[in-house]
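**Student:** Below are the sequence and a predicted model; questions follow.
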Amino acid sequence: MKKEKNRVVFAGAGPGDPELITVKAQNALKIADLIIYAGSLVPEAVLCWKGEKTETQSSAGMDLSTIIETIKTYHKRDKKIIRLHTGDPALYGAIFEQIRELEKSGIPCEIIPGVTAAFAASAKMNMEYTLPEITQTLILTRISGRTPVPESEDLEKLAAHKASMAIYLSIGHIQKVQKILEKYYGQESLCAIAYKVSHPEEKIFYTETKDLVKTCEENKITRHALVIAGECVGANRGLKNILKSKLYDSGFSHGYRDATK
């Protein structure tokens, strides 16, 4: 039987708390020969799961070619390599360009998913994004900046849906974000700023949309934060009555339970 070629593993480190990494990623870190981690975002605390002899390198100062050449060098020596990204690698992880270059060289890859900050934030807030007859949609997005977004995905067009929304990588354009959210969600709608969720420095700020910029300025938030908007935020704070779901309604039958009234 032919031995399967050594695969480079792209793994999600989760939002920051070492205990929010998946068991599968944790096990991969333990047996890795080399971990290249996104040092500007992944806290070194997550590296607690690495093996005793595992080498670590931060990619904070690397460009794409340096990352790829490093992986190629270790892969030729048949080393087990983990490329560790913050949150979930599939979301703003820039993994596609890395995997594409590795596959050109015949180096196979696999991905281990992780917990993204939007879900770490909702967990901290004891909040559900999808509420019966209020919203059944969650939009994960960012505003256009140095990295542009397609015109069809402009924040204003997405905000028009009034769905639950988690806005990544946009604190640097918070004035524009506030203006758009005021227009579609209302000036007095409640939103949240989730700063460094699950890190020791974690803070959650609740504010009306009209005070979004002010709240960021007062608390010196310039990066590493999500903006969460939608009626889910106000509902979580008791500002809106929410209908119960049908799932556990005693008067609702489904494939596993008959109605009792």
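**Tutor:** Alright, I've got the coordinates.
**Student:** Please list all residues in contact with Asn219.
**Tutor:** By C-beta atoms under 8 Å, 6 or more residues apart in numbering, the contact set of Asn219 is 193, 195, 203, 205. (C-beta placed from N, C-alpha, C; glycine too.)
**Student:** can I assume the third one is in contact with Ala192?
**Tutor:** What it means is Lys203. No: checked against C-beta atoms under 8 Å, the pair Lys203 and Ala192 is beyond contact range at 10.5 Å.
**Student:** what about the nearest residue to Gly172 once chain neighbours are set aside, neighbour count?
**Tutor:** Once flanking residues are discounted, Gly172 sits nearest to Gly145: 6.5 Å by C-beta to C-beta, 6 or more residues apart in numbering. Residues within reach of Gly145, counting by other C-beta atoms under 10 Å, total 12.
**Student:** wait, what's in contact with Gly145?
**Tutor:** Here Gly145 is in contact with 169-170, 172-173 (C-beta under 8 Å, 6+ apart).
**Student:** so what pLDDT did it get?
**Tutor:** Gly145 carries a pLDDT score of 88 in this model.
**Student:** Might you specify the subset of the contacts of Asn219 located within strands?
**Tutor:** Secondary structure from DSSP state E places 193, 195, 203, 205 of these in strands.
**Student:** PyMOL command to pick out the buried ones of those residues?
**Tutor:** To isolate the buried ones among the ones in strands among the contacts of Asn219 in PyMOL, judged by 16 or more other C-beta atoms under 10 Å, type:
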select buried, resi 193+195+205
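**Student:** now, among the ones in strands among the contacts of Asn219, which is nearest to Arg77?
**Tutor:** Using C-beta to C-beta, Tyr195 comes nearest to Arg77 of the ones in strands among the contacts of Asn219, at 40.9 Å.
**Student:** who does the closest one bridge with?
**Tutor:** Judged by DSSP bridges, the bridge partners of Tyr195 are Lys203, Ala225.
**Student:** Could you report the neighbour count for the closest residue to Leu20 other than its chain neighbours?
**Tutor:** Leaving aside its sequence neighbours, Leu20 sits nearest to Gly14 (C-beta to C-beta, 6+ apart; 3.8 Å). Neighbours of Gly14 under the rule other C-beta under 10 Å: 27.
**Student:** Distance of Gly14 relative to Ile71?
**Tutor:** As judged by C-beta to C-beta, to the nearest Å, Gly14 and Ile71 stand 22 Å apart.
**Student:** next one: Ser189
**Tutor:** Applying C-beta to C-beta to Ser189 and Ile71 gives a distance of 46 Å.
**Student:** Which single one of the contacts of Asn219 is nearest to Glu182?
**Tutor:** Ile193 (15.2 Å).
**Student:** Next, Gly51: secondary structure please.
**Tutor:** Three-state call for Gly51 (DSSP: H, G, I helix; E, B strand; the rest coil): coil.
**Student:** residue contacts, Leu138?
**Tutor:** If you count contacts by C-beta under 8 Å, 6+ apart, Leu138 has them with 118, 129-130, 163-166.
**Student:** Try it again at 10 Å.
**Tutor:** Going by C-beta atoms under 10 Å, 6 or more residues apart in numbering, Leu138 touches 118-119, 122, 128-130, 163-166, 228, 230, 232.
**Student:** do Glu69 as well
**Tutor:** 62, 101 are the contacts of Glu69 under C-beta under 10 Å, 6+ apart.
**Student:** higher neighbour count, Ser189 and Ile71?
**Tutor:** Of the pair Ser189 and Ile71, Ile71 is the one with more neighbours under other C-beta under 10 Å, namely 22 against 19.
**Student:** Quick check, pLDDT for that one.
**Tutor:** Looking at Ile71, its pLDDT stands at 98.
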